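S.K.: Sequence below, structure please.
(chains A, B and C)
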Amino acid sequence: MPELPEVEVVRRGLERWAAARTVASVEVRHPRAVRRHPAGAADFAARLTGHTLGTAHRRGKYLWIPLAGEGTSILAHLGMSGQLLIQPEDAPEEKHLRIRFRFADDARTELRFVDQRTFGGLSLHPEAQGAADGLPDVIAHIARDPLDPRFDEGAFAASLRRRRTTIKRALLDQSLISGVGNIYADEALWRARLHYDRPTATLTRPRSAELLGHVRDVMHAALAVGGTSFDSLYVNVNGESGYFDRSLDAYGREGEPCRRCGTAMRRRQWMNRSSYFCPRCQRPYAPRSLRPAGASGGGTGTAGPAARRQ
DNA sequence: AAGACCACCTGCGTGC
DNA sequence: TGCACGCAGGTGGTCT
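M.R.: Numbers count the residues shown, from 1 in each chain, chains lettered A, B, ... in the order given. This is a model prediction of the structure:
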């Protein structure tokens, strides 16, 4: 389950249904699900058995569950299609069941990692010394996410000014800002009326602060309704879908009217995926010097198209 | 050496 | 009916 709101929904489920439970046994059903655990499936299972799960933490799209008193965490990434499910012990096996955790208690439920495309996976890592909440060292390169109170807004704006790339690439770069994926990038850009190919260096600090505000708003809104699910692939630990797909303004709306101006939304092939945008509200960036005379429309000498509003 | 690309998977919908 | 192709919410290794 991909982006930050959906992963946070899962984290909350783990906190409620898996924390403080002691692992009785672990069954790895597909080796790819533990490929990030170099010591292999048998080692993964053996090192978990008998240990008690702590409270799940999250940074961006990564989750980790510390093992009580061990200095070790289970690191999880759901990839494109991963699910962590709390299921009754006698529930039929999912077609893509990859890992099963049985617990040493009377709850008669177990934790299952189910993943159709196997881009996701679980692994065990030592907690980095002095890192926040025992952040595993292998994800030290992942930036804080926009819902993290310690996210550094000034540093983010400065990085955007410094970089020679475009805004959607930057939003998807997990080492700059984590947790944003293709859906929420398009949603935030639509809200900010920014074209996906706008060079990051052209964003003023107030403009990037505004964009960041939209990223946070759309993520909070999605979180409030359990995340975005188009189908049964994206569910909470109890297998339930969120409702935010009904509130999407850009993603998946090719041909439908822009909710602001009514213009038909467009889809563009972009980096082997899709970008959805309004061709009227989200114009491509054109430096003043390249625009035909008079095209700036009542320019006041401020920034360029970024300063314009519909 | 920052930035861009594409391989890694399975399944589903569409068009021939 | 079946086959080929495009598409799907992500990441990291590998190129330049």
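S.K.: alpha carbons only for contacts and neighbour counts from here, please
M.R.: Will do.
S.K.: pLDDT-wise, which helix or strand of chain A ranks last?
M.R.: Lowest mean confidence among the helices and strands of chain A (mean pLDDT, DSSP states H and E): strand A:266-270, at a mean of 93.
S.K.: so what's residue A:127 bridging to?
M.R.: Beta bridges link residue A:127 to residue A:136, judged by DSSP bridges.
S.K.: looking at this, residue A:65 is in a helix?
M.R.: No: Residue A:65 is assigned strand when assessed by DSSP: H, G, I helix; E, B strand; the rest coil, not a helix.
S.K.: can you pull out the helices in chain A?
M.R.: A:4-17, A:41-48, A:153-162, A:167-172, A:182-192, A:205-224 (DSSP state H).
S.K.: Dump the fourth one to PDB, keeping only the CA atoms.
M.R.: It stands for helix A:167-172. Below are the C-alpha coordinates for helix A:167-172, written out as PDB (Å, rounded to 0.1, in the frame of the first residue of the first chain):
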ATOM      1  CA  ILE A 167       8.900  19.800  -9.200                       C
ATOM      2  CA  LYS A 168       7.200  16.500  -9.500                       C
ATOM      3  CA  ARG A 169      10.500  14.600  -9.600                       C
ATOM      4  CA  ALA A 170      11.500  16.500  -6.500                       C
ATOM      5  CA  LEU A 171       8.200  15.600  -4.700                       C
ATOM      6  CA  LEU A 172       8.800  11.900  -5.500                       C
END
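S.K.: Check which helices and strands it is in contact with.
M.R.: Applying 3 or more C-alpha pairs under 8 Å, 6 or more residues apart in numbering; DSSP states H and E, one finds that helix A:167-172 makes contact with helix A:182-192.
S.K.: Spell out whether the least confident helix or strand of chain A and DNA strand B are in contact.
M.R.: No: Strand A:266-270 lies out of reach of DNA strand B by C-alpha under 7 Å from any atom of the strand, never closer than 7.9 Å.
S.K.: hmm, back to that, with mean pLDDT and mean neighbour count added, can I get the helices of chain A in CSV?
M.R.: As requested, the helices of chain A are exported to CSV (pLDDT from 0 to 100; neighbours: other C-alpha atoms under 10 Å):
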stretch, mean pLDDT, mean neighbour count
helix A:4-17, 97, 22
helix A:41-48, 98, 16
helix A:153-162, 97, 16
helix A:167-172, 98, 22
helix A:182-192, 98, 23
helix A:205-224, 98, 18
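S.K.: residues making contact with the least confident helix or strand of chain A?
M.R.: A:253-255, A:274-279 (C-alpha atoms under 8 Å, 6 or more residues apart in numbering).
S.K.: next one: stretch A:116-131
M.R.: Against stretch A:116-131 from outside (C-alpha under 8 Å, 6+ apart): A:32-37, A:44, A:71-82, A:96, A:134-138.
S.K.: hmm, that stretch in reach of DNA strand C?
M.R.: Yes: counting by C-alpha under 7 Å from any atom of the strand, DNA strand C is contacted by stretch A:116-131 at residue A:119.
S.K.: is that stretch up against DNA strand B anywhere?
M.R.: Yes: counting by C-alpha under 7 Å from any atom of the strand, DNA strand B has neighbours in stretch A:116-131: A:116-119.
S.K.: quick one: residue A:43 from residue A:10, how far?
M.R.: 25 Å (C-alpha to C-alpha, to the nearest Å).
S.K.: interface residues of the stretch 151-300 of chain A facing DNA strand C?
M.R.: A:172, A:174, A:179-183, A:228-231, A:233-234, A:269, A:272-274.
S.K.: run the last query once more with 6 Å
M.R.: A:181-183, A:228-231, A:234, A:273-274 (C-alpha under 6 Å from any atom of the strand).
S.K.: between these, which is closest to DNA strand C?
M.R.: Nearest to DNA strand C among these, counting by C-alpha to the nearest atom of the strand, is residue A:181 at 3.1 Å.
S.K.: pretty sure the closest one contacts residue A:2?
M.R.: Yes: counting by C-alpha atoms under 8 Å, residue A:181 does reach residue A:2; the two are 7.3 Å apart.
S.K.: Neighbour count: these two, which is higher?
M.R.: Neighbours of residue A:181 and residue A:2, each counted by other C-alpha atoms under 10 Å, are more numerous for residue A:2; the result is 24 against 18.
S.K.: The more buried one: what's it in contact with?
M.R.: With C-alpha under 8 Å, 6+ apart, residue A:2 has these contacts: A:61, A:78-81, A:181.
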